[in-house]
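Q: Show me how the following folds:
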Amino acid sequence: MSRSVLVTGGNRGIGLAIARAFADNGDQVAITYRSGEPPRELTDAGVLAVRCDITDAEQVEQGYKEIEEKHGPVEVLVANAGITKDQLLMRMSEEDFTSVVDTNLNGTFRVVKRANRGMLRAKKGRVVLISSVVGLLGSAGQANYAASKAGLVGFARSLARELGSRNITFNVVAPGFVDTDMTQVLTEEQRESIVSKVPLGRYARPEEIAAAVRFLASDDASYITGAVIPVDGGLGMGH
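A: Numbers count the residues shown, from 1 in each chain. Prediction:
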């Protein structure tokens, strides 16, 4: 059956691949985006694009109302929207830290809390949070990003315990380095240095992250909750 699916930050990179995967599966998909224009390929495919800054609670509320009017209550939420503002700690400003945490962690709190209103009524739901290998492994110059992504693990596992009896699952996907616009700006030397640390010897394709997300939202994963699934080519194993 077609489900109401929301992917935050679904206009590019990993989020775009996730939105495509659900749309290809026949689901009714909505995405949020903060700026620019949504990809034509998504809107042409019937994906609902909603402009929404997840750091603004009122925009989150209005975004959900629009989605619910057109697709019904959100049954599958993929909290993917996130930003980076990398900097060494001694040079990291208060704004560098708080803005990353407010988007990546607090923003996830806002969209998950709002989605759970409908999921509690339905007594079912699937929530997948997109973390990062950096949240488990750590990364110099990314203390803000790593802290926000690590926080998603505790958040998801707490809610898995809190709402498991309502048949709502909470899982985390922790991607490694993925071949997206964000990583394509790196120099060839930087890319080679990163790949040298990955046992599989390559970057992930966005579609590989999307496949793990779609699995966790499927009936095949109905007894999986509170899990952290690394899709990182082995980079973070043991963490």
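
Q: Run the chain-centre distance for the longest strand seen in the chain.
A: Within the chain, and with DSSP state E defining each element, the longest strand by residue count is strand 168-175. When distances are taken as CA atoms, centre = their mean, to the nearest Å, strand 168-175 is centred 9 Å away from the chain's centroid.

Q: Give me the residues contacting the helix or strand that it is followed by.
A: Towards the C-terminus, the helix or strand next in line after strand 168-175, according to DSSP states H and E, is helix 181-184. The set of residues that contact helix 181-184 without belonging to it, under CB atoms under 8 Å, 6 or more residues apart in numbering, is R12, G13, T84, F177, R191, Y203. Any C-beta I mention is one placed from the backbone N, CA and C, and that applies to glycine too.

Q: Out of these, which is nearest to L163?
A: Among those, G13 lies closest to L163 (CB to CB), at 28.7 Å.

Q: Got phi/psi on the residue lying closest to that closest one once chain neighbours are set aside?
A: Residue nearest to G13 in three dimensions, not counting chain neighbours: T180, with 3.9 Å by CB to CB, 6 or more residues apart in numbering. Dihedral angles phi and psi of T180 (degrees, to the nearest 10) take the values phi -130, psi 180.

Q: Settle this for me: T180 is touching G15, isn't it.
A: No: under the criterion of CB atoms under 8 Å, T180 is not in contact with G15, lying 9.6 Å apart.

Q: ok, and the most crowded of the contacts of helix 181-184?
A: F177 (22 neighbours; other CB atoms under 10 Å).
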